[in-house]
Every structure is written in C-alpha cells, then in structure tokens.
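> pasting the sequence and the predicted model now:
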Amino acid sequence: PVLARKVHKLRELYDSSYALLQPKRIAWPLIIAVISWGFEAIAFYLVFQAFDLNGSVMAAVFIYSFSTIVGAVSMLPGGLGMTEGLIAGLMKMLEIDTAVAALSTVIIRLATLWFAVVIGLAFLLMAEKRFGANVTDLMLEQEV
C-alpha cells in the first residue's frame, strides 16, 4: 500500500531519466564539462606557476579534480570547506608552505566557484529587474 501510491512517481522518474541519459543527449554536455573542468585544473596549475611551485601539471590537475569531486560528493553547497581543506591538505603533502597552500586555495576558489556565483547573482538580479518579479518565486510556482 505504501509503494502503490508512489509507483506513478517512480515510473515518471524512470521514464524521465531514461530519456535524459541517452548517450546522444548526454555526449555534448559531458564533453563540454570535461573541457571546462580541464581548464579549471589548468588554471590551478597556473596558480602553481605564479607561486614558483615545483608541482607538475598532473599534480595540479589531480589535486584540483580530486578535491572538487570529493567536495561534490560531500553534498555541501559548492563543496564549501571540504574542497578547500582537501586542496590545501594535498598541497601540504607536496611540502608546499601552509601560507602558500592557503593563498593558492583561496585564489583558485575565487577564480572558479565565486566568480561563477557572482555572475549568476548578477543575471538573477537583471532577470528580476527585467521581468518585474522575483524570478525565484516564479520558478517555485511553476514546480507546484
């Protein structure tokens, strides 16, 4: 009896997931995401270079990618705290000075996460101004 009320929702979830996760639909977004994350990891390597650190490209890519994935898996918004701590901790394992590791972490997170957040907020405010309503409220109304 408990599941009987939810069967139609589970079927809808399955049908939607099946349609959205088709290889032909997910290929381009996956390619774009890999390229985008690759550029973020290269940006982290450029931070390495700016501080004259002797880490390799592979070390920078691993540190940034692994930390970002762990931050995402932590289910914290933007991986806050988890990602930064792991980036700095992995840099310390490469025997990088604590202050340099912390500053490098702040720089890369400002350049990647917070820059995107600021752009998103700016566009949200522009949309609210243009449409004369709270866009978030409109989105919530459509979900109901």
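Okay, I see it.

> next, the buried residues of the top helix by length along the chain.
Ranked by residue count under DSSP state H, the longest helix found in the chain is helix 23-50. Going by neighbour count (16 or more other CB atoms under 10 Å), the buried part of helix 23-50 is 37, 40, 41, 43, 44, 45, 47, 48. From N, CA and C alone the C-beta is placed, and that goes for glycine too.

> list the contacts of the fifth one.
The reference is to residue 44. Residue 44 makes contacts with 60, 61, 63, 64, 104, 108, as judged by CB atoms under 8 Å, 6 or more residues apart in numbering.

> so how far is residue 27 from the last one?
The one in question is residue 108. Using CB to CB, to the nearest Å, one gets 28 Å for the distance from residue 108 to residue 27.

> swap in the first one?
In this structure, residue 60 and residue 27 are 27 Å apart, going by CB to CB.

> now swap in the second one and tell me
Using CB to CB, residue 61 is found at 23 Å from residue 27.

> out of the contacts of residue 44, which two sit at the greatest distance?
61 and 104 (14.2 Å; CB to CB).

> secondary structure class for residue 54?
Following DSSP: H, G, I helix; E, B strand; the rest coil, residue 54 is assigned to coil.

> how much space between it and residue 33?
Taken as CB to CB, the span from residue 54 to residue 33 is 30 Å.

> same deal with residue 46?
20 Å.

> check residue 53 too.
27 Å.

> now residue 121
Taken as CB to CB, the span from residue 121 to residue 33 is 22 Å.

> same question for residue 41.
From residue 41 to residue 33 the distance is 12 Å (CB to CB).

> the most centrally placed residue in the chain and residue 71, how far apart?
Geometric centre of the chain, nearest residue: residue 78, 5.8 Å, by CA atoms, centre = their mean. As judged by CB to CB, residue 78 and residue 71 stand 7 Å apart.
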